[in-house]
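Peer 1: pasting the sequence and the predicted coordinates here, then a few questions.
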Amino acid sequence: MDVPWPDYAPMHWGVMVLAFALAGVIKGAIGFGVPIVTLSVLTLVLPVKEAIALTVLPALAGNLIMMREGGRVGAILARFWPLLAAKGVGLVVGALILASVPTRAILAVLGLVVVAFSLMGDRVPRLRLRPRQERVTGALVGAVAGLLAGTTTIFGPPIVAYMTALRLDKGTYVAAIGTLWSLTNVMTLAAFGAVAVLTGPLLVASVPLAAVLLGTYPLGRAVRRRVDEAMFRRLVRAGLLVAGARLLVLAVV
């Protein structure tokens, strides 16, 4: 059975392409931020739940690049399976919430997450976890991240703080991010499909948007080599702060 092409106007497609092109550049430059960037832009012209659904497949495409670069998939799964399992449960709960709660509530949560991320910057909590604390803490962090993934697709900040507390070496950190992010995106696709947040037309629309993101990813890597990374991060977070504040205003007016 043919899946109908989504009925978006040229203006909508223009904003969507812009959002994912920008997200690809930022992903290539700093390694993260696809959902935060795309949702901040897409909600200018699309309902928030559609914007969230459109983001998952392109985010997966970007994270698969990191997964390939990082490798060590088996070792990462063996170490972090409690986090991933708890994240799966939290994600299902979050997807059910997304499908049933009013749009204003989703806008408020999304705005709070974007504003908190932009204000936090690189100042993640300097915690230290002992080996015997890793699995229990990982499961708790995974449950919180899963709820965020299911309701907003933005699940990175709590996991980044957790990884920082473990004092992972750079290779393990990149491998963990690539693997856990990619698998979370796969689970999100399944959960959103099950609760009818991700419909056939939205899935079809997200395929060319994933191609746009992958096409601009190399440009982001070039930016990383040529532009001061600290300044680039500050500019990105300033824009996100404005976008997050706009989402909060939409949620209350």
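Peer 2: On my side now, so go ahead. Numbering: from 1, shown residues only.
Peer 1: hmm, residue 63 and residue 210 touching each other?
Peer 2: No. Judged on Cβ atoms under 8 Å, residue 210 makes no contact with residue 63 at a distance of 11.1 Å. For the C-beta atoms, the positions are set from N, CA and C on the backbone; glycine is no exception.
Peer 1: quick one: residue 6 from residue 38, how far?
Peer 2: Computed as Cβ to Cβ, to the nearest Å, the residue 6 to residue 38 distance reads 16 Å.
Peer 1: neighbour count for those two, which is higher?
Peer 2: Looking at residue 6 and residue 38 with other Cβ atoms under 10 Å, you find the greater number of neighbours at residue 38, namely 27 against 18.
Peer 1: against which helices or strands is the regular element (helix or strand) spanning the more buried one packed?
Peer 2: Assigned by DSSP states H and E, residue 38 belongs to helix 34-42. Under the contact criterion of 3 or more Cβ pairs under 8 Å, 6 or more residues apart in numbering; DSSP states H and E, helix 34-42 touches helix 10-30, helix 48-70, helix 103-120, helix 229-252.
Peer 1: now this protein, which segments are flagged as low pLDDT?
Peer 2: Residue ranges of the chain with pLDDT under 70: 1-3, 120-127, 229-230, 232-233, 235-236, 239-240, 243, 253.
Peer 1: and the angle from the strand or helix carrying residue 171 to helix 34-42?
Peer 2: Per DSSP H and E, residue 171 falls inside helix 170-194. If you take axes from the mean of the first three to the mean of the last three Cα atoms, to 10 degrees, helix 170-194 sits at 50 degrees to helix 34-42.
Peer 1: just want the angle from whichever helix or strand comes after helix 170-194 to helix 10-30.
Peer 2: With elements assigned by DSSP H and E, the helix or strand that comes after helix 170-194 is helix 200-226. Relative orientation of helix 200-226 and helix 10-30, computed by the same axes, to 10 degrees: 40 degrees.
Peer 1: elements contacting helix 200-226?
Peer 2: Using 3+ Cβ pairs under 8 Å, 6+ apart, helix 200-226 sits against helix 10-30, helix 48-70.
Peer 1: and the angle from that helix to helix 48-70?
Peer 2: With the same axes, to 10 degrees applied, the angle from helix 200-226 to helix 48-70 works out at 50 degrees.
Peer 1: helix 200-226: which residues count as buried?
Peer 2: 201-203, 205-206, 209-210, 212-214, 216-217, 220, 223 (16 or more other Cβ atoms under 10 Å).
Peer 1: now for the nearest residue to residue 71 once chain neighbours are set aside: which residues touch it?
Peer 2: Among residues not flanking residue 71 along the chain, residue 175 sits closest, at 5.8 Å (Cβ to Cβ, 6 or more residues apart in numbering). By Cβ atoms under 8 Å, 6 or more residues apart in numbering, residue 175 lies in contact with 70-73, 75-76.
Peer 1: can I get the buried part of these as one ChimeraX selection?
Peer 2: Selection of buried members from these for ChimeraX, criterion 16+ other Cβ under 10 Å:
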select :70,72,76
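Peer 1: state the number of residues packed around residue 14.
Peer 2: Residues contacting residue 14 under the criterion other Cβ under 10 Å number 12.
Peer 1: ugh, typo on my part, it should be residue 161
Peer 2: Close neighbours of residue 161, defined as other Cβ under 10 Å, add up to 15.
Peer 1: who does the helix or strand harbouring it touch, helix- and strand-wise?
Peer 2: Assigned by DSSP H and E, residue 161 belongs to helix 156-165. Judged by 3+ Cβ pairs under 8 Å, 6+ apart, the packing partners of helix 156-165 are helix 103-120, helix 134-152, helix 170-194.
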